[in-house]
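A.B. asks: With the input below, show me the fold.
(one chain, ligands or ions: 1)
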Amino acid sequence: MTEQKIALVTGANKGIGYEIAAQLKALGMTVIIGARDEQRRAEAAKALGVESVALDVTDAGTVEKAAAWIDERFGRLDVLVNNAGIVGGRAQAPTTVDLALVRDVFETNFFGVIRVTNAMLPLLKRSAGARIVNMSSGVGSIGGATAIYGELPPGAAYPPSKTALNSLTVQYAKDLRGTGILINAADPGHCATDLNNNTGFRTAAQGAAIAVKLATLDDDGPTGGFFNDDGPLPW
Ligand SMILES: NC(=O)c1ccc[n+]([C@@H]2O[C@H](COP(=O)([O-])OP(=O)(O)OC[C@H]3O[C@@H](n4cnc5c(N)ncnc54)[C@H](OP(=O)(O)O)[C@@H]3O)[C@@H](O)[C@H]2O)c1
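C.D. replies: Reported below is the predicted structural model:
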């Protein structure tokens, strides 16, 4: 087995995930990008000079196959960044929302994280000290909802999916106590990506930094927390 750390970043063919992959590679890790679209995956892997694997977080078959491929190829995983996420469109006011849209968003942003994490867990447990980072969002912070994101239109899908992801992160931390695995949620800030039609005021590379920090925590680092560049965030 290689001494180099092995990292998997989901949804890494573009946006913040792509930048996380680039930054982890720059730190000397062997990076695998997971992506659902064959062509975008191949192009991103080539541009980054990293490994890649077919992975749709909503499709258990691809997730299991990806885990089997990583097992065969590398035998373990040191870092998992659950980055893949969707907004689900703007029409998601709670009073009028289409329930199918809410389900779709949760399928990716919440169920997808459980699906991928649990499939990768046997590989993560073989690491000397694995790190899991869940890409959350400031909009998922109930305590922060009245602050920077208070002016955003109400949403029944995306913000609650990230609130649920934050809660899930805490529950995983409890479950993984004693394993050496640290798991935290990250808020990248408002970054210009396709997710928001490039309206963000930060770059995707700036948004990637907090995920990289949480992916490279020392053994005595925090677990079950929610952080941005400035430190812990209100739930
Ligand atoms: N941008 C922001 O301001 C911001 C703020 C807070 C949190 N975030 C979070 O940061 C993460 C990355 O977002 P981003 O801004 O970089 O968005 P993005 O540019 O739209 O990228 C999202 C990535 O997720 C992938 N993806 C979506 N559904 C997937 C699935 N079912 N299986 C595998 N991959 C899937 C996309 O792949 P395709 O190319 O195939 O669609 C794409 O690579 C998300 O979790 C998002 O919620 C972003």
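
A.B. asks: which stretches of this protein form strands?
C.D. replies: Taking DSSP state E, the strands of the chain run over residues 6-10, 30-35, 51-54, 79-82, 131-135, 182-186, 226-228, 231-232.

A.B. asks: Show residues contacting the first one.
C.D. replies: What that stands for is strand 6-10. The contact list for strand 6-10 (C-beta atoms under 8 Å, 6 or more residues apart in numbering) reads 17, 20-21, 24, 29-34, 53, 55, 57, 66, 70, 74, 76-84, 112, 116, 120, 215. (Each C-beta comes from the backbone N, C-alpha and C, glycine too.)

A.B. asks: Give the members of those that are also in contact with the ligand.
C.D. replies: With C-beta under 6 Å from any ligand atom as the criterion, the contacts of strand 6-10 include 17, 55, 57, 83-84 near the ligand.

A.B. asks: does the longest helix along the chain come close to the ligand?
C.D. replies: The residue-count maximum for a helix in the chain (DSSP state H) belongs to helix 158-175. No: under the criterion of C-beta under 6 Å from any ligand atom, helix 158-175 makes no contact with the ligand; the nearest approach is 6.8 Å.

A.B. asks: Which elements pack onto that helix?
C.D. replies: When contacts are defined as 3 or more C-beta pairs under 8 Å, 6 or more residues apart in numbering; DSSP states H and E, helix 158-175 packs onto helix 99-106, helix 112-124, strand 131-135, strand 182-186.

A.B. asks: Show me what from the chain comes close to the ligand.
C.D. replies: Residues of the chain lying near the ligand by C-beta under 6 Å from any ligand atom: 10-11, 13-17, 35-37, 40, 55-58, 83-86, 108, 135, 137, 188, 190-191, 193-196, 200, 204.

A.B. asks: make it 5 Å
C.D. replies: Counting by C-beta under 5 Å from any ligand atom, the chain comes close to the ligand at 11, 13-16, 36-37, 56-58, 83-85, 108, 135, 137, 190-191, 193-195, 200.

A.B. asks: circling back: which of the contacts of strand 6-10 are buried? Put it as a PyMOL command.
C.D. replies: Only the buried entries of the contacts of strand 6-10 go into this PyMOL selection, using 16 or more other C-beta atoms under 10 Å:
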select buried, resi 17+20+21+24+29+30+31+32+33+34+53+55+57+66+70+74+76+77+78+79+80+81+82+83+84+112+116+120+215
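
A.B. asks: So which residues make contact with the longest helix of the chain?
C.D. replies: By C-beta under 8 Å, 6+ apart, the list of residues contacting helix 158-175 reads 86-88, 92, 102, 105-106, 109-110, 113-114, 117, 132, 134, 136-137, 139-142, 145, 149, 182-185, 223-226, 235.

A.B. asks: pLDDT weak spots in this structure?
C.D. replies: In the predicted model of the chain, residues 1-2, 145-150 satisfy pLDDT under 70.

A.B. asks: Next, the angle from the longest helix of the chain to strand 131-135.
C.D. replies: For helix 158-175 against strand 131-135, the angle by axes from the mean of the first three to the mean of the last three C-alpha atoms, to 10 degrees is 160 degrees.
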